[in-house]
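> quick one, what's the 3D model for this:
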Amino acid sequence: MSFGKLYGFEGNPRTMPCLAVAKAAGLDVELVHTGGPQKVFSEEYLAKFPHKKIPAFIGADGFTLHETIAIQLYFASQIAETTLLGSTKKEYASIVKWMSFSNMELGPKLSAWFRPLVGLDPYNKKGVEKAEADYCQLVSTFLEPYLTENTYLVGERLTLADIFSASMASRGVANVFGTSFRSSFPAFSRWLDLVINQDIYKSVYGEPKYIDEPVKYTPPKKEAAPKKEAAPKAAAPAAAAVEDEAPKEAKPKHPLEALGKATLPLDEWKRQYSNEDTRPVALPWFWEHYNPEEYSLWKVKYKYDSELTLTFMSNNLVGGFFNRLSASTKYLFGCLVVFGENNNNGIVGAFLVRGQDAVPAFDVAPDWESYEFTKLDAAKPEDKEFVNDMWAWDKPYVVDGVSKEIVDGKVFK
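Next up is the predicted model:
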């Protein structure tokens, strides 16, 4: 016997847990495709739900409900002696708490993070980065420490809090929760993996599929302008045609190209660093061949450590900076490391630069001014030791007398 109709669409993280609970309760609920990118709204639906929110439910007896949490609670209450709603009034209240938190806090921030990346919303780089930081901050502050001590969100068994919260994270699993994210939040990832592999969850979502790298924004291709039909050319002497041609502009050269070849082959040093043990072999080779008249050494430090949050995001910031430095690959080598811990970390490193000025090598990156550059003197033992430590990554970084562990980093080579 039909229990009613659920208005929503497959894949929607607020609709899917309603379907999962209905299946667990053995309820015959018909899914009526409503909303979605196509904005499908039937007259029957609009007569009951003019606000156009999904999911919404019309029971066989005419009872109506909207709001996903209310619908899930109603469906779960149809199961005799269910454990999905907890075993005490306090557990029930805690379930509603976590569901509300996921619905109002986690869900919107995750949407603002992934939707522009996949073309569902207009893309704004700063907006996406802020949404990512906001979401990770919530996970770091509320979920990671709690799930380090607890298997489930409420009590010792799976509840609606877990099913719904995991569903609200499902688009992250499919789009942005790559290997780096999961390693940064092991307790949250362990809980999420546990829930999405439960039969009640897989009954509507199927087998979970993880991504290694988060999706990246791809600008839409510009439509090619229609080609104009060429006007018939007037006959002219070949010599005259050549004279009328505009000279082609020469491709601009990198300013450091004028310095010519150095006696220290940078590519050879990069091979030494990549293939040999750093301290016993690579670093002695470097100091033997280093020519301070051809190259200079620089301490590079991010200026805004107070704005950094999670260490993996700081490392992603370094990766973006290095990508934008690619035009200077022939003239640079260096490492930037992330030291400290989540919500208390910094970025610092050492670079080898062709010539005696850092600016020509670094100003190819639009964000180079977010870093401060201090010239080093290899004749000073402390400066040489700093370079060794930054390139070896095997010692803590000391800040104001306090040792900070190096937790991540990247090599530019």
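> can you give me phi and psi for the spatially closest residue to Leu325 that is not a sequence neighbour?
In this structure, Leu325 finds its nearest non-sequential neighbour in Ala365, 4.8 Å apart by C-beta to C-beta, 6 or more residues apart in numbering. For the C-beta atoms, the positions are set from N, CA and C on the backbone; glycine is no exception. Note on Ala365: its backbone torsions stand at phi -100, psi 130 [degrees, to the nearest 10].
> was I right about Leu117 contacting Tyr217?
Yes - contact criterion C-beta atoms under 8 Å: Leu117 and Tyr217 qualify, at 5.0 Å.
> which one's more surrounded, those two?
Comparing Leu117 with Tyr217 by neighbour count (other C-beta atoms under 10 Å), the higher total belongs to Leu117, at 19 against 12.
> ok, the more buried one - contacts?
By C-beta atoms under 8 Å, 6 or more residues apart in numbering, the contact set of Leu117 is Tyr123, Val128, Asn175, Val176, Pro214, Val215, Lys216, Tyr217.
> kindly write the ChimeraX command that selects the buried subset of these.
Remark: buried members of the contacts of Leu117, expressed as a ChimeraX selection using 16 or more other C-beta atoms under 10 Å:
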select :123,128,175,176,214
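> which of the contacts of Leu117 sits closest to Thr88?
Val176 (35.9 Å; C-beta to C-beta).
> on that earlier part again, so what sits against both of Leu117 and Tyr217?
Counting by C-beta under 8 Å, 6+ apart, the common neighbours of Leu117 and Tyr217 are Tyr123, Val128.
> which residues touch the residue nearest to Leu325?
Phe321, Arg324, Leu325.
> need the CA coordinates for the helix or strand where Lys202 lies. CSV is fine.
If you go by DSSP states H and E, Lys202 is part of helix 199-205. Output of helix 199-205 as CSV, limited to C-alpha atoms (Å, rounded to 0.1, in the frame of the first residue of the first chain):
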residue,chain,number,x,y,z
ASP,A,199,23.6,-0.9,3.8
ILE,A,200,21.0,1.7,4.6
TYR,A,201,23.1,4.4,2.9
LYS,A,202,24.3,2.3,0.0
SER,A,203,20.7,1.3,-0.7
VAL,A,204,20.2,4.7,-2.3
TYR,A,205,23.7,5.9,-3.1
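> Ala166 contacts Ile200, doesn't it?
No - the pair Ala166 and Ile200 fails to qualify as a contact (C-beta under 8 Å) at a distance of 10.4 Å.
> compare the two (neighbour count), which wins?
With neighbours defined as other C-beta under 10 Å, Ala166 and Ile200 compare such that Ala166 has more, 28 against 17.
> and the residue nearest to that one when sequence neighbours are not counted, helix, strand or coil?
Closest residue to Ala166 apart from its sequence neighbours, by C-beta to C-beta, 6+ apart: Val195 at 4.0 Å. Under DSSP: H, G, I helix; E, B strand; the rest coil, Val195 falls in the helix class.
> which is the next helix or strand following the helix or strand bottoming out on mean pLDDT in the chain?
Sorting the helices and strands of the chain by mean pLDDT, DSSP states H and E puts helix 238-244 at the bottom, at a mean of 42. The helix or strand immediately downstream of helix 238-244 is helix 266-275, counting by DSSP H and E.
> poorly predicted segments of this protein, please.
Low-confidence segments of the chain (pLDDT under 70): 220-252.
> try it again with 50
Across the chain, the ranges flagged by pLDDT under 50 are 235-250.
> returning to that earlier point: list the buried ones in the helix holding Lys202?
By neighbour count on 16+ other C-beta under 10 Å, the buried set for helix 199-205 is Ile200, Tyr201, Val204, Tyr205.
> so what's the residue nearest to Gly349 when sequence neighbours are not counted up against?
Distances taken as C-beta to C-beta, 6+ apart place Leu336 nearest to Gly349, at 3.6 Å, with adjacent residues excluded. The contact partners of Leu336, by C-beta under 8 Å, 6+ apart, come to Val300, Tyr302, Val318, Phe321, Phe322, Ile347, Val348, Gly349, Gly409, Lys410, Phe412.
> now intersect the residues you listed with the helices, please.
Val318, Phe321, Phe322 (DSSP state H).
> quick one: contacts for the last one?
By C-beta under 8 Å, 6+ apart, Phe322 lies in contact with Leu336, Lys410, Phe412.
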